[in-house]
Each structure stands twice: as structure tokens, then as C-alpha cells.
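**Student:** Pasted the sequence and its predicted model underneath.
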Amino acid sequence: MAPPPILSWESLGLIQGAGWLFQDINLHIAPRDRIALIGRNGAGKTTLLKLIANRIEADAGTRTVQPGTRVVMLEQEPDFSGFDTLLDFAIAGEHAPAQHEVEAIAGQIGIDLSRSAASASGGERRRTALARALASEPDLLLLDEPTNHLDLGAIDWLEDWLGRYNGAFVVISHDRTFLTRLTRATLWLDQGSLRRREIGFGGYEAWEEQVFAEQARAAERLDAKLKIEAHWLERGVTARRKRNQGRLEKLYEMRAQRASMLSPTGNAKLALSNDDSKTKSVIVAEHVTKRFGDRTIIKDFSLRIQRGDRIGVVGSNGAGKSTLLKLLTGELSPDEGTVTLAKTLTGIVIDQQRSLISPEKTVRQILAEGGDWIDVQGVRKHIQGYLKEFLFDPGIVDMKVGVLSGGERSRLLLAREFSRKSNLLVLDEPTNDLDLETLDLLQEVIADYDGTVLIVSHDRDFLDRTVTVTLGLDGSGAVDIVAGGYADWEAKRKQRVAPTKVKAARVEIAPPPPPKKTKLSYKDQRDFDLLPDRIAELEAHIARDEAALSDPALYTSDPKKFASLTAAIDKARVEKDAAEERWLELAEMVEAL
């Protein structure tokens, strides 16, 4: 028998503006739930977390909490007013934690609690709030974008902590890898309604597409397509899968081409014999070294960046990611070596601070200086059509920016910046505050961008889906150059049984695997062609059976069917995993031909 919930909301409703943000929502959280809360920016995810935490009052509904339950919330923008130091904040609050517990966690995630609260950066404040939340011994932990401002080491630590945590948590995050590894149930907030499935985030997209498909069919039957038709056209199963597959195939091809330009001996090839390749070079770094005081941040780094490259930069906080980015864009000069930029290079920079947009201005003023038309990369577009491309309702065109959610403001900034004509795009932590649909859109925009892209990010899944070359920094000054994404860089690090110190005159590079020249057999070619459809079919079967299994009365009313569905889902998952691994192996063979 399932344990009783530790917190429930019955018939929850909240009025925002002229209408209900959501209404008649029922929510139950069990003692060991691991829940992903999903929804577009502006859907009300953060608001729902605050209602669960009792930070704001609802307009309807009943909240019930088991006596003695500690509910702790990590907010995106914690209030530090009235606190002298970060430590003062960390040991305060409703469930004030012990100082030694807070300090132990702070040391793990890299935060100095003696810092003045007034002068601390946004990232330092967020880490302090995370340390306080985790040290408060919560029974229910509510996490709003917990990986923002954490480096890769701190994210790994947090994943391990949550994996061992005995309580329940609800998390909002744009980090697909984080959600996939940790969650077992999904709450989907969409257009004022809340759906729940007992599947982790790994099964969310198949469930989402199934729901949209059912809604589209219903709209067609009723001959009243409403807004869902436009949404379905953007997110349709077949079109989306083909588009994503096409982008990934192009990315794999670009990675293979880039790997051939990296020498197997561990040096970046600068003296390329192909004149055409030379003309495509937009940034050339030769034996670059940069120091701050006695510390060497970048040591003897060489790389030729080609037109169309998508370069990802990864490493822990303080390892030198931003320094390397500034060197490559000419904002900083090296102490040794040279960085040469193409004369025709014109760039736009979207940094992690996100230049403030005046809340009093309207969307029309931000995008089109008050007019109806906007020049997008030299092409004239109507502002309302352009808003649709960035997943906005065109009706917001005359709304003030101040009423938009934080994520919507970030998306608006992206829309404005991507409209500008350029051939170099620099993105410093671009995924912060974006919802998953906007991340998908950002990946498409980057894939279709004609110029060169430099990306600093801790979002592992985002890097795997976008970059052709990864530059990995370990804080020693050495830079790994790996053809591929974050997973390729991580695999290379794990392969090092006995790491050696990098010589001053070299940059260690992951040698590309030798190309396989063998032509595909008839069976291999047939599997390569047919497996994507089989994988899609299995995903549909899993989603259908999980939908039936989500009926809370099924176990007691028909235990045989419950057992049958459970076995069928397990079998389909095993087959799907095997099919995906087989297809990826074949894809690698195809790339090498």
C-alpha cells in the first residue's frame, strides 16, 4: 500500500491579472517522490512551487501538510537584505541549519561564506541559498533551477547528494541530463492544467508528443483547431523527429570533418595545406599564454577556428573559461603568442548577466523600436510573425516587458540579439532561465546559423546537441581540444588511466578514431534505415501503456492488467535501448565511410 502524501493541494486555484493562472489543480506529494516540474516560461512553475511552500496565498483550494514536515524552498533570487555576510543568511531562515552543516556543504560547492552579502555576486548568493536549503534537513525540497551558477563539479556533487537524499523533492530545471538522472515522476503544467505521470523526465518528451497528437486529432474531429494546431505544427512528432535527426546528422558530419583537422599526435594543425581551409579561418590562436599575477590561466594554446565551427568551452568555475573566450574574441590580449581575427568578423555577445531590458518598454519597442517590422539577419519580417518564431503569442506585442516572466524576458532578449546581422555568435551560459522548449528553439537557431559560434556552458545535454569541438579547461592552464560534445570530452578524461602533465609547447588533443572504410552490409544498411521508425513505434507503445498504467484505480480493479502492462513496458524499454545503441553504432559506421 502506498504511503500517505506528506503534502497535498486540493482544488488549487490562483488568479493572476484578469483571470485564473490555474484552477482546480490537485497535487499529492509522497515521502520519497522525485518529481520534475515541466512547463513553458510563464506557465506558472515558480508560482506553483511558492504555493506548495506556502510562500504565497491561493485564491482557492485546501493545502494539507503532515505534522512535522519540513518544507524548504530554493528560490532563483533569494533575498539577502538585512544580512551582513553570506554565513549570516545561510544559518537563518524558518528551519535554521547548524553552522557546521552549512559550512560543509559550502565547501563542496565552492562558496566562501565569509563574503559580504552586499558585494556577493548572483552566483555566490545562489550557492549560499543552496547550502542553506540542503543543510536544513528538509522532508520536502523545492528546487527552482538549482544548477544555475554551478560548475560541472558542483552539479555532479549535487546529483550525488540528491541521489542519496531520503526525502522528497520537486525540481524545476532546464538541465535535461540532471532531470533524466534524478527524477521518477513528472508534473506538466500547461495552459492552467496540471498533468502527472509516474515516469522520470527521460520519458517526458514521448508523453508530451502523445498528448499533443491526441489533442490535434480531437481538434480535427471537432473541426475547431484552436491554438493547439499551431503548436502541433511546431512540435509534431514526425516533423520534429525528422528535423532533430537531420540536425544531429549534420552535427555528426561536422564533428567528423573537424576531427580530421586535429592531428593524432596531440597538436592542433595550424599550417593547413588546403588553401580553401585557410580562407575559412575566422580566429587563429598560436601558442597563446595568459597569466594573472603568478597564476597561468591559459598555457601554450593553439587552435584554428573555421567559419561555421561551433566551439564549446567547459570547465570548473575559475578554470579560465571566460578568459579563453575573451582571448578568442580579442577582448583580452595574450601575454605570449598571437590571436588573429578575420577582418570581416562581426559578432554579437549574449552573456550570462543578460543586459537589463527596461521593464517599462513594450515588446514592440524592444524588438522593432516601436514599429511593425524588424530586420532579421538582413531579412525584413513582421514583428508578430517573428514573435511566433520565438514561441510567443503575437498578442503580447504591446505588453510591457515588466509583466513577462524571467524566462520570457530571456527569450525576448534572444529574439532581439538573433535578429542582428553577424557572423560570430558568443554565448556565455545561454541556457540559464530558459525553459525546455526555448532550449530546443535555441539549438535549432544555432544549427541554422551561418556563422561561427562560441559557447560557454555547464549544460551537458545542450553542448552534446550543438557543438562540433569542445575545449576543456582543468585550471592548470592546459586546454583539451576534442572533436565532439561534452560526452566526448568526459569520455576522454575517463580514458586517462595515468594522466601526464601537459608539456608547455603542446595542447593535448583527443585523437580521432581511425576511419572505417568497410561498406555497410545489406543487413546493416537495412537496420540503419528501419530502426528509427522502430524506435518511434516502441516509444509510442511505451507512452500508451504508461498512460494506461497511470490510472490510480487500475492496480486494485485489474491487477492482472497492471502486471501485464508493467511487463510490456519493461520489455519495450529493453528493446528500445538495444535499438538505439545499434542505430548509433551504425551511424558512426556511416560517418566513417
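**Tutor:** Ah, there it is.

**Student:** mind listing the helices in the stretch 1-150 of the chain by residue range?
**Tutor:** Taking DSSP state H, counting those that start in this stretch as the test, the helices found in the stretch 1-150 of the chain are 45-52, 86-90, 99-109, 122-135.

**Student:** want to try a markdown table for the ones you listed, with mean pLDDT as columns?
**Tutor:** Below are the helices of the stretch 1-150 of the chain laid out as a markdown table (pLDDT from 0 to 100):
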| stretch | mean pLDDT |
| --- | --- |
| helix 45-52 | 95 |
| helix 86-90 | 96 |
| helix 99-109 | 93 |
| helix 122-135 | 91 |
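
**Student:** Quick one: closest of those helices to Ala154.
**Tutor:** Set against Ala154 and scored by C-beta to C-beta, the helices of the stretch 1-150 of the chain come closest in helix 99-109, at 4.4 Å. The way it works is simple: take the backbone N, C-alpha and C, and place the C-beta from them, glycine included.

**Student:** So which elements touch the helix or strand that contains Leu530?
**Tutor:** Under the criterion of DSSP states H and E, Leu530 resides in helix 522-549. Where contact means 3 or more C-beta pairs under 8 Å, 6 or more residues apart in numbering; DSSP states H and E, helix 522-549 is packed against helix 204-222, helix 237-259, helix 559-592.

**Student:** same thing but at 10 Å, please
**Tutor:** strand 193-197, helix 204-222, helix 237-259, helix 559-592 (3 or more C-beta pairs under 10 Å, 6 or more residues apart in numbering; DSSP states H and E).

**Student:** can you list the residues that contact the shortest one?
**Tutor:** Here strand 193-197 makes contact (C-beta atoms under 10 Å, 6 or more residues apart in numbering) with 9, 12, 22-28, 35, 37-39, 43-44, 48, 185-189, 203-204, 207-208, 211, 543, 546-547, 549-550.

**Student:** could you measure Arg127 against Phe89, distance?
**Tutor:** Between Arg127 and Phe89 the computed distance is 11 Å (C-beta to C-beta, to the nearest Å).

**Student:** what do the two both touch?
**Tutor:** Common neighbours of Arg127 and Phe89 are listed as Leu113, Ala120 (criterion: C-beta under 10 Å, 6+ apart).

**Student:** ok, and the closest non-adjacent residue to Asn54?
**Tutor:** Arg63 (6.7 Å; C-beta to C-beta, 6 or more residues apart in numbering).

**Student:** Tell me what the spatially closest residue to Thr46 that is not a sequence neighbour is bridged to.
**Tutor:** Among residues not flanking Thr46 along the chain, Asp144 sits closest, at 5.6 Å (C-beta to C-beta, 6+ apart). Beta-bridge pairing of Asp144 under DSSP bridges involves Ile172.

**Student:** Pretty sure Asp144 sits against Gln76.
**Tutor:** Yes: Asp144 is within contact range of Gln76, at 4.9 Å (criterion: C-beta atoms under 10 Å).

**Student:** Counting by contacts, list what the helix or strand hosting Phe169 packs against.
**Tutor:** In the assignment (DSSP H and E), Phe169 maps to strand 168-172. Identification of packing neighbours for strand 168-172 by 3+ C-beta pairs under 10 Å, 6+ apart yields strand 19-29, strand 34-38, helix 45-52, strand 71-74, strand 140-144, helix 176-182, strand 185-190.

**Student:** ok, now with 8 Å
**Tutor:** The elements that strand 168-172 packs onto, with contact taken as 3+ C-beta pairs under 8 Å, 6+ apart, are strand 34-38, helix 45-52, strand 140-144, helix 176-182.

**Student:** partner strands of the first one, parallel or antiparallel?
**Tutor:** For strand 34-38, the pairing partners within the sheet under DSSP bridges are strand 168-172 (parallel), strand 185-190 (parallel).

**Student:** Kindly export the last one (C-alpha atoms) in PDB.
**Tutor:** Read that as strand 185-190. What follows is strand 185-190, C-alpha atoms only, in PDB (Å, rounded to 0.1, in the frame of the first residue of the first chain):
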ATOM      1  CA  ALA A 185       7.700  11.300 -11.900                       C
ATOM      2  CA  THR A 186       6.800  14.300 -14.000                       C
ATOM      3  CA  LEU A 187       4.300  17.200 -13.400                       C
ATOM      4  CA  TRP A 188       3.500  19.000 -16.600                       C
ATOM      5  CA  LEU A 189       2.000  22.500 -16.100                       C
ATOM      6  CA  ASP A 190       0.300  23.600 -19.400                       C
END
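
**Student:** got the angle for that strand vs strand 193-197?
**Tutor:** Interaxial angle of strand 185-190 relative to strand 193-197 (axes from the mean of the first three to the mean of the last three C-alpha atoms, to 10 degrees): 160 degrees.

**Student:** ok, residues contacting strand 185-190?
**Tutor:** The set of residues external to strand 185-190 that reach it, using C-beta atoms under 8 Å, 6 or more residues apart in numbering, is 22, 27, 33-40, 43-45, 48, 170, 194-201, 203-204, 207-208.

**Student:** Equivalent analysis for stretch 382-391, please.
**Tutor:** Outside stretch 382-391, the residues that touch it by C-beta under 8 Å, 6+ apart are 40, 230, 234, 363-364, 367-368, 371-374, 376, 393-394, 396-397, 411-412, 414-415, 419, 437-438, 441.

**Student:** tell me which residues in it are buried?
**Tutor:** Ile383, Gln384, Tyr386, Leu387, Phe390, Leu391 (16 or more other C-beta atoms under 10 Å).

**Student:** Redo these as CSV? Include distance to Thr329 and pLDDT.
**Tutor:** Output for those, formatted as CSV (distance: C-beta to C-beta, whole Å; pLDDT from 0 to 100):
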residue, distance to Thr329, pLDDT
Ile383, 30, 89
Gln384, 34, 86
Tyr386, 27, 87
Leu387, 30, 88
Phe390, 25, 84
Leu391, 29, 81
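
**Student:** from the residues you listed, which is closest to Ala568?
**Tutor:** Nearest member of the buried residues of stretch 382-391 to Ala568, counting by C-beta to C-beta, is Leu391, at 35.3 Å.

**Student:** Skip the chain neighbours and tell me the closest residue to Ala415.
**Tutor:** Phe390 is the one closest to Ala415 (C-beta to C-beta, 6+ apart), at 4.3 Å.
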